[in-house]
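[1] Structure, please.
(2 chains)
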Amino acid sequence: MAATSGIRMARLAGLLAGVALATGVILASLPSSGGAAVGAEVTFYANQTGEFAVSPPGPATFIDDRALHPGQTVSGSFRIANQTGVTKSILLSAEPSASDLNATLRLRLASGGETLREGPLDRLGTPGGKPLVVAPGESATVDLAAHLETADGDGAAAALVQVAIQFEAGSKR
Amino acid sequence: MTRGHGPARRLIAAAFAWAAGGFVLVLFGAALLPLAFGMRTYVVQSGSMTPAIRTGDLVVSQRITPAEAQIGDIVMFKDPGGTGELISHRVRAVHLHAGRAYFITRGDANTGFEHWSVPQSGRIGQVVYRLPKLGYVIGGVSSPSGKLLFIALPALALLALGLIRIWQTGRPAVDPVDGGAP
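    Here you go, the predicted structure:
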């Protein structure tokens, strides 16, 4: 009687252990989904023009983060060279390929430690801010830091956005 | 010295056997039960979604409308390249316009994107969960050698067992008094 009871208990314990193990395997294998798990894919590039050469050569990407999570910051820089014969005053803007991160991706564009433009992506679409002055034949480094603020929606945090840094130049006399 | 170990061994063997049975039961239940609820299962053939989904995994997907797909979801769709293959990749952008849903998807391990669209009234698959490496088992069972190993041989063994039992029950019983002596 005791042996029968013992074998029943062993079977029950084994069955429960097997079920628990399989359930654990399935739960541990759940594929990550949603924006918070995936992270946003953010790419920044600058196109060179007849007036300005950029390094790395445009349209090379100078920031490529495939998993930028809310609260994280990514940074990079490029050099812009004035190929004209006159000093140029350059205004920068950022043009995103999609609007998903317009409100949540905050940019800071700076050169030589001086902030040229700062704010959320949707506020930087038109040229503005402090001009970057580059003498003929000279170049300047532009530093960009992008901070993804805590996203309102889960989906926005996994958005795919490519941002082109644009230049609008005026001659400085 | 070894006296008394027999029952303990039997208990351990029983526990392990039932643990293995429970493990297999849950895994196959997780693979087969969703079919009763209109879900589908697929064996993953490539590593484009590694590490989220690996080659040989069995994925279980449910059908959703394109509007229900969220960025970050893993969805299943026909290869926009026209090969007819089903692809499971992650939604990176979705845009609804003029009755169609336009998707940009990419495998987590890939560098290239797919651009494709479906009517908003259509259906796509959404991966709900995966069963690691179970696709290999199912693929193995459904192969010719697998069918022989897992279906034909056990069936033959059962048949042989049944014949042996029939043969044994057909034999005259031994008299317990005289042991069957003449």
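[2] what about A:Glu168, helix or strand, and which?
    For A:Glu168, the host element (DSSP states H and E) is strand A:160-171.
[3] Export that strand to PDB, keeping only CA atoms.
    These are the backbone C-alpha positions of strand A:160-171, laid out as PDB (Å, rounded to 0.1, in the frame of the first residue of the first chain):
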ATOM      1  CA  LEU A 160      12.600  53.600 -37.600                       C
ATOM      2  CA  VAL A 161      13.800  57.100 -38.300                       C
ATOM      3  CA  GLN A 162      16.500  58.400 -40.600                       C
ATOM      4  CA  VAL A 163      17.400  62.000 -40.000                       C
ATOM      5  CA  ALA A 164      19.100  64.100 -42.600                       C
ATOM      6  CA  ILE A 165      21.100  67.100 -41.300                       C
ATOM      7  CA  GLN A 166      20.600  69.900 -43.800                       C
ATOM      8  CA  PHE A 167      22.600  73.100 -44.300                       C
ATOM      9  CA  GLU A 168      21.400  76.400 -45.300                       C
ATOM     10  CA  ALA A 169      24.200  78.800 -46.000                       C
ATOM     11  CA  GLY A 170      24.400  82.500 -46.200                       C
ATOM     12  CA  SER A 171      27.500  84.600 -46.900                       C
END
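[4] ok, now how distant is the closest residue to A:Gly71 other than its chain neighbours from chain B?
    In space, A:Gly71 comes closest to A:Thr150 once its chain neighbours are excluded; the distance is 6.3 Å by Cβ to Cβ, 6 or more residues apart in numbering or on different chains. Using the backbone N, CA and C atoms, a C-beta is placed for each residue, glycine as well. Distance, A:Thr150 to chain B, by Cβ to the nearest Cβ, to the nearest Å: 16 Å.
[5] Assumed A:Thr150 was part of a strand.
    No: A:Thr150 is assigned coil when assessed by DSSP: H, G, I helix; E, B strand; the rest coil, not a strand.
[6] Which residue ranges of chain A form helices?
    A:2-28, A:35-38 (DSSP state H).
[7] What number of residues are in the vicinity of A:Leu116?
    A:Leu116 sits with 20 neighbouring residues when counted by other Cβ atoms under 10 Å in any protein chain shown.
[8] can you list the residues of chain B near chain A?
    B:7, B:10-12, B:14-27, B:30, B:49, B:52-53, B:57, B:70-74, B:90-93, B:104, B:113, B:127, B:129-132 (Cβ under 8 Å from any Cβ of the partner chain).
[9] And the strand ranked longest in chain B, what's buried?
    Longest strand in chain B, counting residues (DSSP state E): strand B:86-97. The neighbour-count check on strand B:86-97 (16 or more other Cβ atoms under 10 Å in any protein chain shown) flags B:Ile87, B:Ser88, B:His89, B:Arg90, B:Val91, B:Arg92, B:Ala93, B:Val94 as buried.
[10] now for the residues you listed, which pair is the farthest apart?
    Farthest pair in these (Cβ to Cβ) is B:Ser88 and B:Ala93. Separation: 17.0 Å.
[11] re the thing from before, partner strands of the strand holding A:Glu168 and their direction?
    strand A:40-46 (parallel), strand A:88-96 (antiparallel) (DSSP bridges).
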